[in-house]
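Peer 1: Sequence and predicted structure, then a few things I'm wondering about:
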Amino acid sequence: MKIDWQFLRLVAVCFIGAAALAAYPLSEFATPPVTKSVVAGGIMSILNLLLGYGAIELSFGKSHTTFLKFVLGGMVVRLVIMWAVLLILLRIYEFHSASLMLTLMFFYVMNLVLEIYYLQKRIQTKM
């Protein structure tokens, strides 16, 4: 499996940029439970993106059926895992629900854009 460091740098820049934009409001206005929930949402999101990146890398160049099984099936598996972790964080560890959900929603949309960008880039380099 070849690692695309340029894409991973783009992911790092996006996450660091989002963290930098959120740092001041969180430090000045958020309570510790809200900050903890935002950090947990960011970590869950980056792990989700990295698993998606791995699925794309492992399946790219294989048959279309295998590729779809890895990418779409992997997406379902990742969503179920995120849902389970989310329930554990909310029910057992009593994280702040609104901040956790909003953070996950924001980063999930950002991750989808990044994954689509990466897929488009991979397809263009293959042709």
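Peer 2: Happy to help now that I have it.
Peer 1: surely residue 55 meets residue 70?
Peer 2: Yes. Between residue 55 and residue 70 a contact is recorded at 4.8 Å, counting by CB atoms under 8 Å. No exception for glycine: its C-beta is placed from N, CA and C like everyone else's.
Peer 1: How far away from the center of its chain is the longest helix along the chain?
Peer 2: Longest helix in the chain by number of residues, with DSSP state H as the criterion: helix 97-126. Relative to the centre of its chain, helix 97-126 is centred 6 Å away, using CA atoms, centre = their mean, to the nearest Å.
Peer 1: try stretch 67-82
Peer 2: The chain centroid and the centroid of stretch 67-82 are separated by 13 Å under CA atoms, centre = their mean.
Peer 1: got it, and stretch 5-20?
Peer 2: For stretch 5-20, the separation from the chain centroid amounts to 11 Å (computed by CA atoms, centre = their mean).
Peer 1: Contact partners for residue 3?
Peer 2: For residue 3, the contact set (CB atoms under 8 Å, 6 or more residues apart in numbering) comprises residue 57.
Peer 1: sec struct for it, please.
Peer 2: Going by DSSP: H, G, I helix; E, B strand; the rest coil, the secondary structure assigned to residue 3 is coil.
Peer 1: Let me know the pLDDT of it.
Peer 2: Looking at residue 3, its pLDDT reads 91.
Peer 1: got it, and residue 23?
Peer 2: The pLDDT attached to residue 23 in the predicted structure is 96.
Peer 1: for residue 84, same thing?
Peer 2: According to the per-residue confidence, residue 84 scores 97 in pLDDT.
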